[in-house]
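Enquirer: okay, here's the prediction I keep looking at, along with the sequence it came from:
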There are 2 protein chains.
Amino acid sequence: MLISDVAGTTTDPISKSMELLPLGPVLFVDTAGLDDEGELGLKRVNKSYEALRKCDLALFVLDASRRSDDFSEMAREFLKESRKRNMPTVVVINKCANTVATALYRECFDIPSDIPIVCTDALSGSGIEDLKQVIIKCAKQDDSPIGLTDGIVKDGDVVLLVTPIDSAAPKGRLILPQQQVIRDILDKDAMALVVKETEVKAAIASLGKAPDIVITDSQAFKSVANDIPSDMPLTSFSIIFARQKGDLAQQLKGARALATLEAGDRVLISEGCTHHRQCNDIGTVKIPKLVRKIQPDAQF
Amino acid sequence: MLISDVAGTTTDPISKSMELLPLGPVLFVDTAGLDDEGELGLKRVNKSYEALRKCDLALFVLDASRRSDDFSEMAREFLKESRKRNMPTVVVINKCANTVATALYRECFDIPSDIPIVCTDALSGSGIEDLKQVIIKCAKQDDSPIGLTDGIVKDGDVVLLVTPIDSAAPKGRLILPQQQVIRDILDKDAMALVVKETEVKAAIASLGKAPDIVITDSQAFKSVANDIPSDMPLTSFSIIFARQKGDLAQQLKGARALATLEAGDRVLISEGCTHHRQCNDIGTVKIPKLVRKIQPDAQF
């Protein structure tokens, strides 16, 4: 990263991803200073405030070696803004001797008592470990009350995971949901037998007893259902994640409502994906195809 | 990203990772312009050339709407530099009508005939698909002649993967080597039974016949060896990757040389990891411990 004493050195927010255990994956975003000036400077400051909208925790870094009246107004402004947005915030006083009077900073900038202040010195590394611990403590905790396979996989179970490899799969790796389900199974002291959809029968034959549950990628649901005994529990990665992230009962109700549609009804299909649109796109191809099975006359 | 007509708007190189199939994961790095000026400008230009050291392919972007004599010198300089470094390079002429005379650009800037020129218009998206294809074609091809499990896993095999979950494991996910091995096994139409080191016996018992091979994380090698029949093939993720990325025979020779060390001999231990040093660090704790098993008097 380019560092200089010239104000306006940093322009675009710079991101760096890290694993901060036990919190998990985090993305640090370093923005331009809020004291930037001039026409481009103002654009940079706006960009910095924009970054606030995308983060879960704000670190407001002050430079202890500078005169405090240099950034008094900027600090008040920032803290007002972060308060308005309900953004958890930590004030970091960098380049600061161990004995710095944090109480003075708190009073001087009206830093509310619920906002932690940490003193660091990035050059020597002092205070950085404290800062990490404060970040871990302040960060929004994972709000998933339910583990991915809670209630469907238990200690000692053998789980058959069916993971087709299609042309959009990342090269030489697995997609994230598959990894997460394998990890959750391992964390439950259970076992995951991972196979492609073409190996389902061979996989079942290779086991001494039937798997306790089969979890498949949705695109292979039908062929997997055909390849396993009808009394073997079967679900999909999508359903497991829908249960964890959303309201599965409400989603079921929505799916059932398709059958009650009447001519002239309108349905919003809203899809959120980060990748480019590919062949057989979910929103424009796959979902319309499924809907037409129930409502052959539906128009898109 | 902050965009403006003012030269010097971009400062630090901005990175964006993407999946560019069939190439795989790629990182695009957008640098400051090479025509930047002033003291900070020079720093920015240096930073841009620094980025060249870390990449596998350079896209040199020219603006067709600007007078060509504006960047004639810059282009010659850059192409000279990329040639010197043996850096595969593509010249991209942006904001350019389809009919632009690429031949003229080639002649005007002495662009060597082996450097492709692509015309694009980022605003309308025209030419971007062509550019992607040129990138895929020009990028250094994966130079691993050997697949991870080539020769040790075949169609229909059942592979037992032992993946302990230690305190440094990423939250809720698997580490990359484990993912890559699972994927390689799936690509071979084989099956992967993934378990923790505490489930090895239960895993073998759950199978109708013995697994064809067991692959374990190195840290569990000894306990896994104790938990499986002595005639069952066993290897580790590390050994598989050492075979793919390095010279396994030479590494074996190195390990054996440990026994021949004499008092006063010096050994270089060189470790490359991107994460912070953790308890039981490989370079300062684990390797010295292993070496002392063979050379009890070794000093570190």
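Expert: Cool, got the structure.

Enquirer: and A:Phe221, that's in a helix?
Expert: Yes: assessed by DSSP: H, G, I helix; E, B strand; the rest coil, A:Phe221 belongs to a helix.

Enquirer: in space, what's closest to it - neighbours in sequence excluded?
Expert: Nearest non-adjacent residue to A:Phe221, counting by CB to CB, 6 or more residues apart in numbering or on different chains: A:Ser236, 5.8 Å away. In this view, the C-beta of every residue, glycine as well, is placed from N, C-alpha and C.

Enquirer: what's around the one you found, how many residues?
Expert: 18 (other CB atoms under 10 Å in any protein chain shown).

Enquirer: tell me the bridge partners for it.
Expert: With DSSP bridges as the criterion, A:Ser236 is bridged to A:Thr216.

Enquirer: give me the distance between it and A:Ile146.
Expert: 16 Å (CB to CB, to the nearest Å).

Enquirer: what does A:Ser218 give?
Expert: 20 Å.

Enquirer: look at those two and report which has more neighbours.
Expert: Set A:Ser218 next to A:Ile146 and count neighbours by other CB under 10 Å: A:Ser218 wins out with 14 against 11.

Enquirer: I'd assumed A:Ser236 was in contact with the more buried one.
Expert: Yes: counting by CB atoms under 8 Å, A:Ser236 is a contact partner of A:Ser218 at 4.7 Å.

Enquirer: whichever residue of the stretch 51-200 of chain A sits closest to chain B: which element?
Expert: Using CB to the nearest CB, the single residue of the stretch 51-200 of chain A nearest to chain B is A:Lys171, 3.4 Å away. With secondary structure defined by DSSP states H and E, A:Lys171 is part of neither a helix nor a strand.

Enquirer: just give me the neighbour total for it.
Expert: Neighbours of A:Lys171 using other CB under 10 Å come to 14.

Enquirer: leaving out sequence neighbours, find the closest residue to it.
Expert: B:Gly24 (3.4 Å).

Enquirer: so A:Phe60 belongs to a strand, correct?
Expert: Yes: remark: A:Phe60 belongs to a strand, assigned using three-state DSSP.

Enquirer: measure it to A:Leu52 for me?
Expert: In terms of CB to CB, A:Phe60 sits 10 Å off from A:Leu52.

Enquirer: residues shared between the contacts of those two?
Expert: Jointly contacting A:Phe60 and A:Leu52 under the rule CB atoms under 8 Å, 6 or more residues apart in numbering or on different chains are A:Ser82.

Enquirer: more crowded one of the two?
Expert: Neighbour count, other CB under 10 Å: between A:Phe60 and A:Leu52, A:Phe60 has more, with 20 against 16.

Enquirer: so who does the residue lying closest to that one once chain neighbours are set aside touch?
Expert: Excluding the flanking residues, the one nearest A:Phe60 by CB to CB, 6+ apart is A:Val91, at 5.1 Å. Going by CB under 8 Å, 6+ apart, A:Val91 touches A:Phe60, A:Leu62, A:Tyr105, A:Phe109, A:Ile111, A:Ile115, A:Pro116, A:Ile117, A:Val118.

Enquirer: quick one, strands of the stretch 201-300 of chain A?
Expert: Using DSSP state E, counting those that start in this stretch, the strands of the stretch 201-300 of chain A run over A:213-216, A:234-236.

Enquirer: contact residues of the stretch 201-300 of chain A facing chain B?
Expert: A:Ala202, A:Ala203, A:Ala205, A:Ser206, A:Leu207, A:Gly208, A:Lys209, A:His275 (CB under 8 Å from any CB of the partner chain).

Enquirer: swap in 6 Å and give it another go.
Expert: A:Ala203, A:Ser206, A:Leu207, A:Gly208 (CB under 6 Å from any CB of the partner chain).

Enquirer: who is the residue of the stretch 1-150 of chain A at minimum distance from chain B paired with across the strands?
Expert: Going by CB to the nearest CB, chain B is nearest to A:Gly24 of the stretch 1-150 of chain A, at 3.4 Å. Note on A:Gly24: beta-bridge partners A:Leu20, judged by DSSP bridges.

Enquirer: give me the element A:Ile93 is part of.
Expert: Using DSSP H and E, A:Ile93 falls in strand A:89-94.

Enquirer: so who does A:Thr89 touch?
Expert: With contacts defined as CB atoms under 6 Å, 6 or more residues apart in numbering or on different chains, A:Thr89 is in contact with A:Ala58, A:Ser82, A:Ile115.
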